[in-house]
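Student: Give me a 3D structure for the following:
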Amino acid sequence: MTGFVLDASVAVAWCFEDEATTQARALLDRLRDAPGHVPGLWALEIGNILLGAEKRGRISQAGVAAFLGILGDLDIRVDADAPGRAFRDVLPLARARSLTTYDAAYLELALRLGVPLATKDKALAGAAAALDVRTLAA
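Tutor: Numbering: from 1, shown residues only. Predicted coordinates:
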């Protein structure tokens, strides 16, 4: 398997300048050569973040539409197997690593696919390191 698991925290860094980093931009460039893998909840999580930002006046509806257009042009592959793994694999992983089930879904996907995890979330990166899952700086 090629590519990496793309946490929502990295994707939104591409949208908001105050969250952008050189490493996050490099991951965006990396999607030109390798796919980004995401759990099924990813689109809902991105949508919720953007909706909250819109309500706070941080981004306009037009800005949301433009960003979603950018995401739509990227090689982001949604894992269809996540719902079947939610209770069997993700919940125990979340419990064992003191993560939310949302974060554990990203970690479970990286473990299962054997690819690195791109995240800006320190707790998620720490849990990944404890399980020998390579993380990509964002």
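Student: name the helices or strands packed onto the lowest-mean-pLDDT helix or strand in the chain?
Tutor: Of all helical and strand segments in the chain, the minimum by mean pLDDT, DSSP states H and E falls on helix 82-85, at a mean of 77. Secondary-structure packing of helix 82-85 (3 or more C-beta pairs under 8 Å, 6 or more residues apart in numbering; DSSP states H and E): helix 101-113. Quick note: C-beta positions are derived from backbone N, CA and C, even for glycine.
Student: low pLDDT regions in the protein?
Tutor: Low-confidence segments of the chain (pLDDT under 70): 1.
Student: Strands of that one, start to end?
Tutor: Secondary structure of the chain (DSSP state E): strands located at 4-6, 36-38, 76-78, 117-118, 135-136.
Student: Kindly reformat those strands as TSV containing distance to A13 and mean neighbour count.
Tutor: Putting those into TSV (distance: least, C-beta to C-beta, whole Å; neighbours: other C-beta atoms under 10 Å) gives the following:
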stretch	distance to A13	mean neighbour count
strand 4-6	11	27
strand 36-38	13	24
strand 76-78	15	15
strand 117-118	10	28
strand 135-136	12	20
